[in-house]
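Undergrad: I would like the atomic coordinates for the input below:
(one chain, ligands or ions: 1)
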Amino acid sequence: MLRHQTARYLFAVMATMLVFAGAQAQKLPNVMILATGGTIAGTGASSTTTVGYTAATVGVQQLIQAVPELAKVANVKGEQVFQIASESMTNEHWLTLGKRVNALLAQADVDGIVITHGTDTMEETAYFLDLVVKSRKPVVLVGAMRPSTALSADGPINLYNAVLLAGSPEAVGKGVLLSLNDQIHAARDVTKTNTSTPDSFKTPELGLMGYIQGGKPFFYRASTRKHTADTEFDIANVNALPQVDIVYGYANMNAVALDAFVAAGAKGIIHAGVGDGSLAARVKPALIAARKKGTIIVRASRVGQGILARNGEANDDELDFVAADTLNPQKARILLMLALTKTSKTAEIQRMFYTY
Ligand code: SIN
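TA: Numbers count the residues shown, from 1 in each chain. The predicted model follows:
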């Protein structure tokens, strides 16, 4: 009798454990991986090839299969959105990607999104999405500095960390994130700082947001700027973005590139000036002329750190120019394109540069 009761008890305990294990498995977050190419999907001639390889050759299913550990942290599905090296990323790619991300995040069965991407323009795609994604669910951009065939390829661990992050409650509401090298960065502030080393991504001065360690994200900082669900930008009905180009400042600079961009119909120009965005004597008249023709001029800096002071090196009030705040030129270009979908008033555009 006692033996029967003990057997029944053990059976009940085992059944409960099985049900509990099943529930735990079902509780894994659903993370969608959108693949766009880059070095994370790149292949080299040999295991020691870490430069001079071919980016964007490995498909998303192969990327997922290479990291079986993903199944332990999320229910993962993959979709190949593009297969390109990120230097060829265009506004059209961004609009397609942004709309796809918004459509997926609107689904109740998607908890987070990972986007595999080339590292060269990853910070730009991340900031674009930070401004147009209409959801608080996590979106994480990830790449690799070494191709998938290299010794100590960084892609698999970066992908594992990104999936973990995209499925984590800690990442909800933090804006679009970028994760490589066990670190978490905010889309607005991160930048690529080294041509080839795995620790290339940094958030100079403002600091990274956190780390991923032991299968868990640790956050220490969040951006104070508005992002994702709190922005005023909506790309649902946008099929093309206004043309905005960047002119780079240097000693002996001339206005040839600026004039060419304006003649080609640029609606906005980012002047990536030296120092605090100073205007060279040979270039200032061309900038003033461009503004008079209707082109929006944003003063940014090529320095990479610090605030671009409004009315500092130029009288922006008088010239009707906009100051880029702390945005680097490539990110200022993105914000100006989106701003131009809403307004061409410089006071409004300046407000946006202090908001996002
Ligand atoms: C690319 O940006 O597509 C190539 C370089 C990289 O992913 O690291």
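
Undergrad: For the chain, just list every one of the strands.
TA: 30-37, 75-84, 112-116, 139-142, 177-180, 183-186, 191-192, 201-202, 210-213, 216-219, 244-248, 268-273, 296-301, 322-323 (DSSP state E).

Undergrad: can I get these in a markdown table with mean pLDDT and mean neighbour count?
TA: The way it works is simple: take the backbone N, C-alpha and C, and place the C-beta from them, glycine included. Converted to a markdown table, these look like this (pLDDT from 0 to 100; neighbours: other C-beta atoms under 10 Å):
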| stretch | mean pLDDT | mean neighbour count |
| --- | --- | --- |
| strand 30-37 | 98 | 24 |
| strand 75-84 | 98 | 17 |
| strand 112-116 | 99 | 28 |
| strand 139-142 | 99 | 29 |
| strand 177-180 | 98 | 29 |
| strand 183-186 | 98 | 24 |
| strand 191-192 | 98 | 19 |
| strand 201-202 | 98 | 20 |
| strand 210-213 | 98 | 18 |
| strand 216-219 | 98 | 16 |
| strand 244-248 | 98 | 20 |
| strand 268-273 | 98 | 27 |
| strand 296-301 | 99 | 27 |
| strand 322-323 | 99 | 26 |
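
Undergrad: Make CSV from the ones you listed and add distance to the ligand to it.
TA: Listed next are these as CSV, based on distance: least, C-beta to the nearest ligand atom, whole Å:
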stretch, distance to the ligand
strand 30-37, 6
strand 75-84, 7
strand 112-116, 9
strand 139-142, 10
strand 177-180, 10
strand 183-186, 15
strand 191-192, 8
strand 201-202, 10
strand 210-213, 20
strand 216-219, 23
strand 244-248, 18
strand 268-273, 20
strand 296-301, 22
strand 322-323, 29
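
Undergrad: Switch the ones you listed over to TSV; also include distance to residue 347.
TA: TSV is the format used below for these (distance: least, C-beta to C-beta, whole Å):
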stretch	distance to residue 347
strand 30-37	36
strand 75-84	37
strand 112-116	34
strand 139-142	31
strand 177-180	31
strand 183-186	27
strand 191-192	28
strand 201-202	33
strand 210-213	36
strand 216-219	35
strand 244-248	18
strand 268-273	15
strand 296-301	12
strand 322-323	9
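
Undergrad: Ok, which of those comes nearest residue 345?
TA: If you check each of these against residue 345 by C-beta to C-beta, strand 296-301 wins as the nearest, at 9.5 Å.

Undergrad: I'd say residue 197 and residue 144 touch.
TA: No: Residue 197 lies out of contact with residue 144 (C-beta atoms under 8 Å); the separation is 11.8 Å.

Undergrad: out of the two, which sits in the more crowded spot?
TA: More neighbours surround residue 144 than the other of residue 197 and residue 144, with 27 against 12 (other C-beta atoms under 10 Å).

Undergrad: Could you verify my assumption that that one touches residue 153?
TA: Yes: in this structure residue 144 lies within contact range of residue 153 using C-beta under 8 Å: 6.5 Å.

Undergrad: Give me the contacts around stretch 199-211.
TA: For stretch 199-211, the surrounding residues in contact (C-beta atoms under 8 Å, 6 or more residues apart in numbering) are 119, 123, 145, 174, 177-178, 180-186, 189-194, 217-223, 304-306, 326.

Undergrad: let's see 6 Å
TA: Under the criterion C-beta atoms under 6 Å, 6 or more residues apart in numbering, residues 145, 180-186, 189-190, 192-194, 218-221, 305 lie in contact with stretch 199-211.

Undergrad: Take stretch 120-128, keep the C-alpha atoms, and write them as PDB.
TA: The C-alpha trace of stretch 120-128 is given here as PDB (Å, rounded to 0.1, in the frame of the first residue of the first chain):
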ATOM      1  CA  ASP A 120      30.600  50.000 -41.700                       C
ATOM      2  CA  THR A 121      27.200  51.800 -41.600                       C
ATOM      3  CA  MET A 122      25.600  49.900 -38.700                       C
ATOM      4  CA  GLU A 123      25.500  53.000 -36.500                       C
ATOM      5  CA  GLU A 124      23.500  54.800 -39.200                       C
ATOM      6  CA  THR A 125      20.900  52.100 -39.700                       C
ATOM      7  CA  ALA A 126      20.600  51.800 -35.900                       C
ATOM      8  CA  TYR A 127      20.000  55.600 -35.600                       C
ATOM      9  CA  PHE A 128      17.500  55.600 -38.500                       C
END
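
Undergrad: Residues touching that stretch, excluding its own?
TA: Stretch 120-128 has contacts (C-beta under 6 Å, 6+ apart) with 86-87, 89, 94, 117, 141, 143, 176, 178, 187-188, 190-191, 330-331, 334.

Undergrad: ok, of the residues you listed, which come out buried?
TA: With burial judged by 16 or more other C-beta atoms under 10 Å, the buried subset of these is 86, 89, 94, 117, 141, 143, 176, 178, 187-188, 190-191, 330-331, 334.

Undergrad: Low-confidence stretches in this protein?
TA: For the chain, applying pLDDT under 70 flags the ranges 1-26.

Undergrad: What's the separation between the residue nearest to residue 186 when sequence neighbours are not counted and residue 356?
TA: Nearest non-adjacent residue to residue 186, counting by C-beta to C-beta, 6 or more residues apart in numbering: residue 223, 4.4 Å away. Residue 223 sits 10 Å away from residue 356, taking C-beta to C-beta, to the nearest Å as the criterion.

Undergrad: still on that earlier bit, taking the buried ones among the contacts of stretch 120-128 one by one, which sit in helices?
TA: Among these, the members found in helices (DSSP state H) are 94, 330, 331, 334.

Undergrad: mind listing what residue 316 touches?
TA: Residues in contact with residue 316, defined by C-beta under 6 Å, 6+ apart, are 310, 323.
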